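> can't give you the sequence, but here's the structure:
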Ligand SMILES: O=P(O)(O)OC[C@H]1O[C@H](O)[C@H](O)[C@@H](O)[C@@H]1O
């Protein structure tokens, strides 16, 4: 598959035809498959680094799997993967390499990209981030009045927010006491106001995180925070205060300087790191402050371990490839439109939100990387909540609704905070729910089984569970920094695999641009500029008018 030739149309492959034929009379029967095939669980369970992944409750048999693997061969997923790891410019529409995997290469590796050893660059910045974080953690870095920093506030949005927040929450057990991180992302002024409300400017340090340093929300919030700081410190020299209370993370260090942040207090990264792939770059600085350089190194090793699995494992044993192919099967052949991610770990409560950007900004595309229209549905709507909260809210639809919703269940053998309620290990009760749900979804409950419980005949149908609802179970020993890195990289590579099959550029995000442009154009109208208002469509004019009549 060469860039000049454009992507292979997946629907033109022999494997796609084979999958179409299989799908036409596919009648999954997990009860029978399990009963007839004692080897099924063994064949469909895989270990990738520390992750233990059971795909046996998926709607897949040997024929489907063989055809999916043939599809991966015929569209050359491996070739595209190798091109990414090499640093080829596979982000075609932005003419960029895609090298988040280089962010987690060990210091003794080398990778020449566009004539530059990127590993040296990566570790030079990491060392600076680590040194900064150590200063904050030890108290050596003080605010302008000499006070120790107690709160670090990351100002960023999208990839410059979701990864750090998610990981900060996930690794709560690894944080340093007495040092808190907070996150401001939304341009809704309520976000900054509520986040700053109880903070003391003298002990607060801001990290302005923005790949482009041109994002309206982030720059607006950074200005708000600067004003809050200067007002709160009262009488301090502005440049001195900013120097001690503001650092920045960006690829655009010139714009950082324009904002008034000393380049000595700025940490760079590179255009070959996509925003949604950047938590393992200097964008993770708030996380490094929270969990320390050792914890962050473990996180990076976890990412790297999964990268190595993805890069080297045979496709038939390659967990991200297999999960990506299964998602293609569900989306393109079994008509699934959404994908649930259900972590049985409260600390992963922001993981579904993180995955929404990763997967939907990457694969929500209508054209392929050569500009031609896609030939099949792309993208999946990712969503989820931690179990067991979801069980008492939306699982009804997953169990008995009319839509097929593939679901990934994630759990850990050892809890971050073990608690016992009397004689009962609460974590075991929690895990019993995790095991029960995938079992119920896979095997259901027949009408006869419902009747055997003495249920009145009229309500038997309402109490039947069809089963054959696909799940993947992902387990690991514990939610450590290393395991979190593996989990994130797993989903990065699942996303990659799907994008490679569909022939799309999973690394651009042009779909977010129009709304940004229009917001700039509409802004004067909102502020009362009649000429700007007159240029809007009738609905928008009426809505702005409503706002102007009701504002306080
Ligand atoms: O890091 P920044 O340049 O501020 O960008 C923040 C975010 O905004 C953009 O609109 C993109 O949709 C995201 O991919 C990006 O992560």
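Sure thing, it's come through. For clarity, every value in this text was computed on a predicted model and none was experimentally measured.

> relative to the ligand, how far out is the nearest residue to residue 210 once chain neighbours are set aside?
Spatial nearest neighbour of residue 210, excluding adjacent residues (C-beta to C-beta, 6 or more residues apart in numbering): residue 218 at 4.5 Å. C-betas here are computed from N, CA, C, even on glycine. Distance, residue 218 to the ligand, using C-beta to the nearest ligand atom, to the nearest Å: 5 Å.

> shift numbering so it begins at 5
With the count now opening at 5, the last piece we talked about shows up as residue 222.

> what's near enough to touch residue 222?
Taking C-beta atoms under 8 Å, 6 or more residues apart in numbering, we find residue 222 in contact with 159-161, 164, 212-214.

> which SS class is it?
helix (DSSP: H, G, I helix; E, B strand; the rest coil).

> what pLDDT is listed against it?
Note on residue 222: pLDDT of 97.

> follow-up on the earlier one: most widely separated two among the contacts of residue 222?
161 and 212 (11.1 Å; C-beta to C-beta).

> can you list the contacts of residue 222 in TSV and add distance to residue 404, pLDDT and secondary structure?
Below are the contacts of residue 222 laid out as TSV (distance: C-beta to C-beta, whole Å; pLDDT from 0 to 100; DSSP: H, G, I helix; E, B strand; the rest coil):
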residue	distance to residue 404	pLDDT	secondary structure
159	44	98	strand
160	40	98	coil
161	38	98	coil
164	40	98	helix
212	48	98	strand
213	43	98	strand
214	45	97	coil
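
> could I get these as a markdown table with neighbour count?
What follows is the contacts of residue 222, written out as a markdown table (neighbours: other C-beta atoms under 10 Å):
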| residue | neighbour count |
| --- | --- |
| 159 | 31 |
| 160 | 30 |
| 161 | 21 |
| 164 | 30 |
| 212 | 27 |
| 213 | 33 |
| 214 | 28 |
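
> could you redo those residues as JSON lines and give each row distance to the ligand?
What follows is these, written out as JSON lines (distance: C-beta to the nearest ligand atom, whole Å):
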{"residue": "159", "distance to the ligand": "10"}
{"residue": "160", "distance to the ligand": "6"}
{"residue": "161", "distance to the ligand": "5"}
{"residue": "164", "distance to the ligand": "4"}
{"residue": "212", "distance to the ligand": "9"}
{"residue": "213", "distance to the ligand": "7"}
{"residue": "214", "distance to the ligand": "3"}
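
> residue 283 should be in a strand, yeah?
No - counting by three-state DSSP, residue 283 falls outside a strand, being coil.

> who touches whatever residue of the stretch 355-504 of the chain ends up closest to the ligand in this structure?
As assessed by C-beta to the nearest ligand atom, the ligand sits closest to residue 365 within the stretch 355-504 of the chain, at 5.6 Å. Shown in contact with residue 365 (C-beta under 8 Å, 6+ apart): 162, 280, 513, 515-516.

> cool, residue 338 as well?
27, 30, 63, 408.

> which pLDDT value goes with the nearest residue to the first one once chain neighbours are set aside?
It refers to residue 27. Counting by C-beta to C-beta, 6+ apart, residue 27 lies nearest to residue 337, which is 4.0 Å off, once chain neighbours are set aside. pLDDT, residue 337: 98.

> could you do the one 3 residues further on as well?
Here the pLDDT value assigned to residue 340 is 98.

> give me the contacts around stretch 342-353.
So stretch 342-353 is in contact with 170, 173-177, 331, 334, 355-356, 359, 363, 384-392, 394, 402, 407, 409-416, 420, 434-435, 437-438, 441, 483, going by C-beta under 8 Å, 6+ apart.

> again, only using 6 Å
173-174, 176, 355-356, 359, 384-386, 388, 390-391, 394, 409-416, 420, 438, 483 (C-beta atoms under 6 Å, 6 or more residues apart in numbering).

> stretch 301-318 too?
With C-beta under 6 Å, 6+ apart as the criterion, stretch 301-318 contacts 52-53, 89, 105, 108, 284, 324, 485-486, 489-490, 493-494, 497.

> same question for stretch 536-549.
528-530.

> how near is the residue nearest to residue 214 to residue 110?
Going from residue 222 to residue 110 by C-beta to C-beta, to the nearest Å gives 32 Å.

> inside helices: which ones of the contacts of stretch 536-549?
Counting by DSSP state H, the contacts of stretch 536-549 place 528-530 in helices.

> who wins on neighbours among the residues you listed?
Taking other C-beta atoms under 10 Å as the neighbour criterion, residue 529 ranks highest of the ones in helices among the contacts of stretch 536-549 with 21 neighbours.

> please report how far that one lies from the ligand.
Using C-beta to the nearest ligand atom, residue 529 is found at 22 Å from the ligand.

> and what of residue 279?
From residue 279 to the ligand the distance is 3 Å (C-beta to the nearest ligand atom).
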